[in-house]
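Q: Fold the following for me, if possible:
(one chain, ligands or ions: 1)
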Amino acid sequence: MDTAERVRRIKPSPSTAAAQRVRELKSQGFTILDLTVGEPDFDTPGHVKAAAIEAIEAGETKYTPVNGTPRLRSAIAGKLRERHGLECADAQIAVGGGAKQVIFLALMATLDEGDEVIVPAPYWVSYPDMVRANDGTPVVVDCPEADGFKLTPERLGAAITERTRWVVLNTPGNPTGSAYTTGELHALAQVLLDHPRVSVLTDEIYDEIWYRDEDAPSLAAVEPRLAERVFLTNGVSKTYAMTGWRIGYGVGPKDLVTAINTLQSQTSSCPSSVSQAAAAAALTGPQDFVRETVRVYRARRDATVKLINDIPGLSCTVPDGGFYLLVNCQDSMGQFTPSGSRIQNDEDFARYLLDSRQVAVIHGAAYGAPGYFRISFATSTDVLTEACARLATACADLT
Ligand code: PLP
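A: Below you'll find the predicted structure:
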């Protein structure tokens, strides 16, 4: 069957495609050290599962309001109040099947053909294609490693045009782990205050997987004058190891949330009732799981950063949050593998790692970061240690 133009404009997510490739290789009997994983390697906490079972037994198995159950909305409002001192009305909260769906609907609700969305690179793979699928034009702004992979006020100012509708700020970011400080958000806000037509989509899905002392700051709280045009998105997938439950949310201007709810009402009607009960329990229940998993992630982060930086030819910066490292492999470009093929780019490098060492990573160009590759430390220390040992021999074999 012929597909619509909007589908032909986009491609399947490279991380999903990488996961699929790893599954195929495993099913063929290969043992792969998989560093592509974009989700926690922990199980959902017991009390969250128990809340879901309770909800099922209590008959919470029907459609819910389009914008989520009152219990979940209140849990979301509570989190924003506690964490950032932000007050939000019920009508400002949209709940969807993951932050991904909420972001997609926000773009669908606001973009007309030719509208531009500023996407700082390195970026989460889905933003540019979500913009394209909704008739917009992604304007990718390179944010080099020397700038901490972060958008500067100068680069932001230079990228804004008459057609700019949104700026996406993912903090802490995937794939870099970089997060904006309060001062940096404040400086970006000063530019945005001069451009009242430009809205900001903050993607804060990794805000709790966080390694600095002070809490991760949020633009809406840092500059209240922008509150009317910040759409803050988040979810339970990463923090509570709930990727399969598919609950995310967005908080922002009422008219935007109303539009999202209208789209939601004509697409999925509402997110899963049972998952909403689980998400409410995750947000309001004990947070020891988060503290414990962050402690484990931090130990892995520190060990892996050191192992990578000890490998001649590779380097990485220390992430502030999330569970990814973006590794610089520019020194390997132009070198030859033992079988005589030339590494022309990061995709060749990732393929070389997979074929010669059975280490699966995602090449940086997928994130708008050529010359890099992403590894996830949401996997065991044993796997990370062995993978780094193989990375070292793979690099040493290049000539
Ligand atoms: N935003 C970023 C930056 C992500 O990395 C991901 C998941 O990989 C998401 C959003 C999607 O999260 P959810 O599972 O809530 O759809």
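Q: Give me the phi and psi angles of Cys316.
A: phi -150, psi 160 (degrees, to the nearest 10).
Q: Gly248 too?
A: phi -140, psi 170.
Q: need the strands for the stretch 1-150 of the chain, in chain order.
A: For the stretch 1-150 of the chain, the strands defined by DSSP state E, counting those that start in this stretch occupy 33-34, 93-96, 116-121, 137-142.
Q: What pairs with the first one, parallel or antiparallel?
A: It refers to strand 33-34. strand 359-360 (parallel) (DSSP bridges).
Q: How far away from the center of its chain is the strand it pairs with?
A: Taking Cα atoms, centre = their mean, to the nearest Å, one finds the center of strand 359-360 at 21 Å from the center of the full chain.
Q: Could you pull out the buried residues of stretch 141-161?
A: 141, 143, 145, 148-152, 155-156, 159-160 (16 or more other Cβ atoms under 10 Å). Quick note: C-beta positions are derived from backbone N, CA and C, even for glycine.
Q: okay, how far is it across that stretch, tip to tip?
A: Length of stretch 141-161, first residue to last, Cα to Cα, to the nearest Å: 13 Å.
Q: Stretch 331-339 too?
A: 19 Å.
Q: Could you list the buried residues of that stretch?
A: So, applying 16+ other Cβ under 10 Å, buried residues of stretch 331-339: 332, 335, 337.
Q: One more: stretch 257-271?
A: In stretch 257-271, counting by 16+ other Cβ under 10 Å, buried: 257, 259-261, 263-264, 268, 270-271.
Q: State the pLDDT value of the closest residue to the ligand within the chain.
A: Residue nearest to the ligand within the chain: Gly98 (2.6 Å; Cβ to the nearest ligand atom). As summarised for this prediction, Gly98 has a pLDDT of 98.
Q: Could you do Lys26 as well?
A: Note for Lys26: predicted pLDDT of 87.
Q: number of nearby residues for the closest residue to it other than its chain neighbours?
A: Spatial nearest neighbour of Lys26, chain neighbours left out: Ile32 (5.8 Å); criterion: Cβ to Cβ, 6 or more residues apart in numbering. Number of residues near Ile32 (other Cβ atoms under 10 Å) recorded here: 19.
Q: I'd assumed Arg23 was in contact with Ile32.
A: No: using Cβ atoms under 8 Å, Ile32 is not in contact with Arg23; the gap is 9.2 Å.
Q: who in the stretch 51-200 of the chain is up against the ligand?
A: Those residues of the stretch 51-200 of the chain that sit near the ligand, judged by Cβ under 6 Å from any ligand atom, are 98-100, 124, 170, 174.
Q: Tell me which two of these sit farthest apart.
A: Pairwise distances across these (Cβ to Cβ) peak at 14.8 Å, for the pair Gly98 and Asn170.
Q: circling back to that earlier point, from the buried residues of stretch 257-271, list the ones also adjacent to the ligand.
A: Answer for those near the ligand: none qualify (Cβ under 6 Å from any ligand atom).
Q: Now tabulate those residues in JSON lines and tack on pLDDT, distance to Ala279 and secondary structure.
A: What follows is the buried residues of stretch 257-271, written out as JSON lines (pLDDT from 0 to 100; distance: Cβ to Cβ, whole Å; DSSP: H, G, I helix; E, B strand; the rest coil):
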{"residue": "Val257", "pLDDT": "98", "distance to Ala279": "18", "secondary structure": "helix"}
{"residue": "Ala259", "pLDDT": "98", "distance to Ala279": "23", "secondary structure": "helix"}
{"residue": "Ile260", "pLDDT": "98", "distance to Ala279": "17", "secondary structure": "helix"}
{"residue": "Asn261", "pLDDT": "98", "distance to Ala279": "17", "secondary structure": "helix"}
{"residue": "Leu263", "pLDDT": "98", "distance to Ala279": "20", "secondary structure": "helix"}
{"residue": "Gln264", "pLDDT": "97", "distance to Ala279": "16", "secondary structure": "helix"}
{"residue": "Ser268", "pLDDT": "95", "distance to Ala279": "15", "secondary structure": "coil"}
{"residue": "Cys270", "pLDDT": "96", "distance to Ala279": "13", "secondary structure": "coil"}
{"residue": "Pro271", "pLDDT": "97", "distance to Ala279": "9", "secondary structure": "coil"}
